Every structure is written in C-alpha cells, then in structure tokens.
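A.B. asks: Got a predicted structure here, sequence first:
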Amino acid sequence: MNQKILILSGPYGEGHKQAAQALLETCRLTRPNAEVTIVDFMEWTLPRLHGISKAVFHQGVQKFPSVYGYLFRHTKKGTTLSTMSSRLRWYGLKRIVRLLEETEPSVVVCTFPLAAAAMSALKMSGLTDIPTVTVITDHTDHSYWVHPGTDLYVVGSDKVRRGLALSGVPADRIEVTGIPIRPPFSLGALETDRPALREKLGLSVHKPVLLLMGGGYGMMHEGVVRLMLENARSGAMQVVVVCGHNEKLRRKLQERLDSEAPGHDVRLTGFITNMEQYMGAADLIVTKPGGLTTSEAIAMRLPMVLYRPLPGQEEDNADYLTGAGVAVRAANEEALMETVRQLVRQPERLSAMRRNMETMHMETASYRALDAIMAARHIPAPSWESPFVRVGI
C-alpha cells in the first residue's frame with residue numbers, strides 16, 4: 001500500500017505554506033513512492049470567505065499590531081478568550097471528513113493551527129483515528145497549536161518543547177527537529193560558494209551584499225527603506241530588496257530610488273523561487289523574524305538583523321534567535337543603521353554568528369521532520385466508512 005500524506009496548511013502568512021512545501025519536496029526526494037497532497041484548510045472549509053479572511057488578517061496585523069500582540073499573549077496558555085477560536089474547529093467538519101475519504105491518507109500533517117484543532121475535534125469525537133501530526137512553524141508555543149487529539153508535535157527548538165511540556169503535552173509526543181525548510185536550502189548550506197553565486201546572479205564579487213526582506217507579503221518598515229536609500233547613495237554595499245507578493249511596494253520603492261538615488265546599486269525583486277541563491281550570495285540579511293525565513297537563513301549560514309518584530313510569535317522568535325547568537329535586534333531606525341554598519345565592518349563577528357548557526361543543524365530539519373511524521377503513521381489506520389451517518393451530522 002502506498003504511503004499517503006495529507007498536509008493541511010493555511011493562508012495567514014507564508015510560513016505555514018512554506019513548511020508544507022518543504023515537506024512535500026523533501027518527501028519527493030527521499031520517498032518517491034509516497035503520495036503527498038497539500039490542501040489550504042481555510043480555502044477548503046470556507047471557500048467563499050477564504051480571500052476576505054486572508055486580507056482581513058494581513059491588514060489587521062499590519063495596522064493594529066498591538067491588538068494582535070495582546071490577543072496572542074492573553075491566549076498563549078489557554079483562557080476563555082482562546083476557546084473562542086477553538087469553536088471554529090467545528091465549521092466545515094463534514095467537508096474535512098469528505099477530504100479524508102477522498103484522499104485516504106496514512107497520516108495527516110497540520111502546519112496551520114485551525115487545521116490542527118479541526119483534526120483533534122474529529123479524533124476526540126470518534127469520527128476518525130487517523131494519525132495526526134502538528135508542525136509548529138515558529139520558535140514559540142501557543143494554546144492554538146495544542147489539542148488533545150494530536151498524536152505528535154514536530155517543533156523547531158528545545159524552547160518550544162519546554163513550552164509544550166509546561167502545557168501538559170507528554171514528552172513522547174514531542175519531536176525536536178527544527179522547522180522544515182525546502183531542500184534547496186539544505187543542499188545550499190553544503191555547497192555555498194559566495195563569489196560564484198554573486199557572479200551567477202549578476203552581482204559584484206568585490207562588494208558586500210545586503211539582503212532586505214519584509215516577509216512574504218512585503219510588509220516593509222520605513223526604517224528599512226531608509227537603510228536601502230542610504231546604501232544606494234553611498235555605494236558602500238550592494239542591496240537586494242525582496243518585496244514578496246507586494247507589487248505595489250516594489251513599484252513605490254523603484255520610484256523613490258530613481259528620484260532620490262539615481263545610479264543606485266539596488267536590485268528590487270518580487271516573490272522569488274531562488275531565495276537560497278540570494279541568501280548564499282549575501283553577507284547579511286535584515287528581515288522580520290518569521291520562523292521559516294530565519295530557519296532558511298540559519299541553514300545558509302547568513303547572519304541576521306531583526307528589525308521591529310511584530311508583537312506575538314515574531315517577538316518570541318527574535319528572543320530565541322538573539323539568545324542563540326545567530327541574530328541581533330534593532331529597535332528603531334538609528335539602531336538599524338548603526339547595527340548594519342558595525343556588522344559589515346566586523347567580519348569576525350559575522351563569522352562567530354555563522355559558527356553558532358552550524359551547531360543548530362537547521363539544514364537537516366525537513367529530513368528529520370519527515371522521519372518523525374512517517375514514524376507516526378504506524379498508529380493503526382482508520383476505517384473509511386463515513387462517520388456522519390452514525391452521528392447524524
């Protein structure tokens with residue numbers, strides 16, 4: 001019987017999708033006979049509201065970060081407020097069971113919290129006994145990830161393992177693997193040749209490269225834009241700015257560069273599929289501390305400056321990464337400018353950060369995560385008789 005993996009992802013941030021894609025690509029490399037299906041949980045259960053909910057989430061986080069941070073902290077260990085979100089697990093339950101019947105997976109992997117909640121609800125109600133694995137895509141624990149029907153938690157660090165343990169999750173249900181990243185980053189970490197990559201990308205091999213990112217949706221603070229313009233005028237570094245899916249931002253930055261820094265040495269890109277090459281070519285990255293982007297940077301041995309993380313999981317990620325000695329944090333524009341200047345002038349400090357990254361073994365995370373997932377599938381498989389006939393849903 002073929003191994004079948006169903007991955008339930010989500011649209012709120014690139015991390016959930018990128019972790020799912022990393023597992024799919026790793027499986028194709030190492031287990032070519034396995035069948036992997038990725039489904040957007042929100043699109044499947046809320047097809048009419050999917051686009052709207054996605055837009056509302058991103059606008060809300062961007063415009064009201066303090067509100068998001070308050071809700072994140074207030075619900076981290078489970079409160080009356082957090083139970084409101086768990087009620088959403090029942091919405092579209094029948095559609096999820098139909099999906100299980102259609103795909104007949106050996107194991108279900110959730111890289112999105114609401115998907116984990118829905119699968120737990122099915123299992124706790126006796127509607128399925130399929131093995132279910134939750135992959136946490138940040139270096140923090142939160143009640144919205146923790147559900148009694150989850151068979152295994154795949155986590156990025158001991159910090160998350162300790163947090164889950166404090167929430168009552170048994171030790172044998174937690175596997176520390178690192179956050180799954182796509183295979184090109186794993187291979188790139190072993191084969192990085194910075195001058196060759198710069199030449200391949202059309203960058204100078206003689207001048208430092210600064211990579212600027214604002215997340216998959218291109219949420220970029222004015223301080224990062226100022227840093228870009230200052231370097232464009234001085235010519236001290238080559239700058240690559242990744243705007244993600246935000247084409248409006250890319251056009252706006254291009255206009256500012258053309259008017260304020262003519263003759264600039266800046267490259268603006270949209271969403272790119274060869275990020276591992278740009279990370280391999282760069283000396284330093286300024287980024288938001290998302291779980292996937294920072295894990296990719298660690299795998300590529302790329303030192304990080306974390307600028308103005310959002311309250312919530314980004315704050316927790318930043319604390320973990322700075323504590324591990326692989327990143328430094330800049331709280332405001334002036335600190336950002338000075339931090340970048342100092343790091344570029346201190347190659348020994350950059351080297352120390354790269355050595356710290358080597359001890360984290362992030363380049364093997366997706367392989368270890370997949371091994372843990374495939375071990376979980378040995379829990380007895382479910383019966384595929386429709387459960388709704390029995391319970392009258």
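C.D. replies: The structure has been received and is ready for your questions. Numbers count the residues shown, from 1 in each chain.

A.B. asks: now what about whatever helix or strand residue 250 lives in, what contacts it?
C.D. replies: Following DSSP states H and E, one finds residue 250 within helix 247-260. If you take C-beta atoms under 8 Å, 6 or more residues apart in numbering as the criterion, helix 247-260 is touched by 214, 218, 220, 225, 228-229, 232-233, 241, 243, 264, 266, 268-270. Backbone N, C-alpha and C define where each C-beta goes, glycine included.

A.B. asks: Now the two most distant members of the residues you listed.
C.D. replies: Across these, no pair lies farther apart than 233 and 270, at 24.0 Å, counting by C-beta to C-beta.

A.B. asks: Narrow the contacts of helix 247-260 to those that are buried.
C.D. replies: Among these, those buried by neighbour count (16 or more other C-beta atoms under 10 Å) are 214, 218, 220, 225, 228-229, 232, 241, 243, 264, 266, 268.

A.B. asks: Show me which of the residues you listed has the smallest pLDDT value.
C.D. replies: On pLDDT alone, residue 218 ranks lowest of these, at 49.

A.B. asks: thinking again about what came up before, show me the buried ones among the contacts of helix 247-260 that map onto strands.
C.D. replies: Secondary structure assignment by DSSP state E places 241, 266, 268 of the buried ones among the contacts of helix 247-260 in strands.

A.B. asks: for these, which one is nearest residue 305?
C.D. replies: Nearest to residue 305 among those, with distances taken as C-beta to C-beta, is residue 241, at 14.3 Å.

A.B. asks: Over to the closest residue to the closest one other than its chain neighbours. Which of the three states is it?
C.D. replies: Among residues not flanking residue 241 along the chain, residue 212 sits closest, at 4.6 Å (C-beta to C-beta, 6 or more residues apart in numbering). Look at residue 212: counting by DSSP: H, G, I helix; E, B strand; the rest coil, its state is strand.

A.B. asks: model confidence over stretch 280-292, on average?
C.D. replies: On average, stretch 280-292 scores 93.

A.B. asks: same check, this time on stretch 116-125
C.D. replies: Rounded mean pLDDT across stretch 116-125 is 90.

A.B. asks: quick one: the strands in the protein?
C.D. replies: 4-9, 35-40, 107-110, 132-135, 152-155, 174-176, 209-213, 238-242, 266-269, 284-287, 304-307, 327-330.

A.B. asks: count of residues packed around residue 181?
C.D. replies: 33 (other C-beta atoms under 10 Å).

A.B. asks: Check what contacts the longest helix belonging to the chain and list those residues.
C.D. replies: Longest helix in the chain, counting residues (DSSP state H): helix 14-30. For helix 14-30, contacts defined as C-beta under 8 Å, 6+ apart pick out 5, 7, 9-11, 34, 36, 38, 40, 109, 111-112, 135, 137-138, 179-183, 215-217, 244, 290-293, 366-367, 369-370, 373.

A.B. asks: what do you get for stretch 345-362?
C.D. replies: Under C-beta under 8 Å, 6+ apart, the answer for stretch 345-362 is 178-179, 181, 189, 283-284, 295, 298-299, 301, 303-304, 324-327, 342-343.

A.B. asks: again, only using 10 Å
C.D. replies: 156-157, 177-181, 185-186, 189, 208, 236, 283-284, 294-304, 321, 324-328, 342-344, 363, 368 (C-beta atoms under 10 Å, 6 or more residues apart in numbering).

A.B. asks: Flag every buried residue along that stretch.
C.D. replies: Buried residues in stretch 345-362, counted by 16+ other C-beta under 10 Å: 350, 353, 356-357, 360, 362.

A.B. asks: chain center to that stretch, what's the gap?
C.D. replies: 21 Å (C-alpha atoms, centre = their mean, to the nearest Å).

A.B. asks: and the gap between residue 161 and residue 283?
C.D. replies: As judged by C-beta to C-beta, to the nearest Å, residue 161 and residue 283 stand 33 Å apart.

A.B. asks: I meant to write residue 326 there.
C.D. replies: Taking C-beta to C-beta, one finds residue 326 at 14 Å from residue 283.

A.B. asks: Arrange the buried ones among the contacts of helix 247-260 in TSV, one row each, with distance to residue 332 as further columns.
C.D. replies: Converted to TSV, these look like this (distance: C-beta to C-beta, whole Å):
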residue	distance to residue 332
214	17
218	21
220	15
225	14
228	16
229	17
232	21
241	20
243	22
264	24
266	22
268	24
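
A.B. asks: now, which of the residues you listed sits nearest residue 309?
C.D. replies: residue 214 (11.9 Å).

A.B. asks: For the closest one, list the residues it contacts.
C.D. replies: 220-221, 224-225, 241-244, 246, 249, 286-288, 307.

A.B. asks: what stretches of the stretch 151-300 of the chain score poorly on pLDDT?
C.D. replies: 187-191, 215-220 (pLDDT under 70).

A.B. asks: Distance check, residue 265 against residue 96.
C.D. replies: In this view, residue 265 and residue 96 are 51 Å apart by C-beta to C-beta.

A.B. asks: For those two, indicate the residue with more neighbours.
C.D. replies: Comparing residue 265 with residue 96 by other C-beta under 10 Å, the one with more neighbours is residue 96, at 24 against 17.

A.B. asks: what about that one, distance to residue 107?
C.D. replies: Noted for residue 96: a distance of 15 Å to residue 107, by C-beta to C-beta.

A.B. asks: Could you do residue 201 as well?
C.D. replies: For residue 201, the distance to residue 107 - C-beta to C-beta - is 39 Å.
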